[in-house]
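[1] structure for the following, please:
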Amino acid sequence: MLSNHNFQNHQNEWGIRMINRRQPPVDTITRKQYFDQLAKQGIVTQQEADSALNGKLPNSMMSILDTIENITSRYSANQMLSTGESFYRNQPILYYIGNGYGMTEEQTDQLFDDALSL
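    Predicted coordinates:
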């Protein structure tokens, strides 16, 4: 639970629960930091992380993206993850991916915090 945050739930265009936080930090990480942290935590292999930097997302991540029903949203998410240079903490797709890997919002935030230190 995010009991220490003032938030409201709503559905985004992908149909996942979103959190509106009061003045969220607008931290950014690079695509390399994101995928390296996923590998460091054992969520993907280092080889998959390296391949993601060349635009080939891990099969497990592609399976998560395949659950996005709207084809335009799925395509946009795929493009952002495979070619985006910077990821912002408040991007909904990062929480969607985290949820697909069985992570809570807090764990996704922690992954982001840990990636900031790489």
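[2] so where does I68 fall, helix or strand?
    For I68, there is no helix or strand it lies in under DSSP states H and E.
[3] how deep is it tucked in, by neighbour count?
    Look at I68: counted by other CB atoms under 10 Å, it has 21 neighbours. For the C-beta atoms, the positions are set from N, CA and C on the backbone; glycine is no exception.
[4] next one: D114
    Other residues within reach of D114, judged by other CB under 10 Å, total 15.
[5] for it, give me its contacts.
    D114 is in contact with 37, 40-41, counting by CB atoms under 8 Å, 6 or more residues apart in numbering.
[6] now do the SS call for the residue nearest to the spatial centre of the chain.
    When CA atoms, centre = their mean is applied to the chain, the residue found nearest the centroid is L94 (1.7 Å). Here L94 is recorded as helix under DSSP: H, G, I helix; E, B strand; the rest coil.
[7] next one: it, what pLDDT does it get?
    L94 carries a pLDDT value of 91.
[8] and it, what does it touch?
    34, 87, 108, 112.
[9] and the helices in the protein, which stretches?
    All helices of the chain, identified by DSSP state H, fall at 31-40, 46-53, 59-65, 71-83, 92-100, 105-116.
[10] sounds good, over and out.
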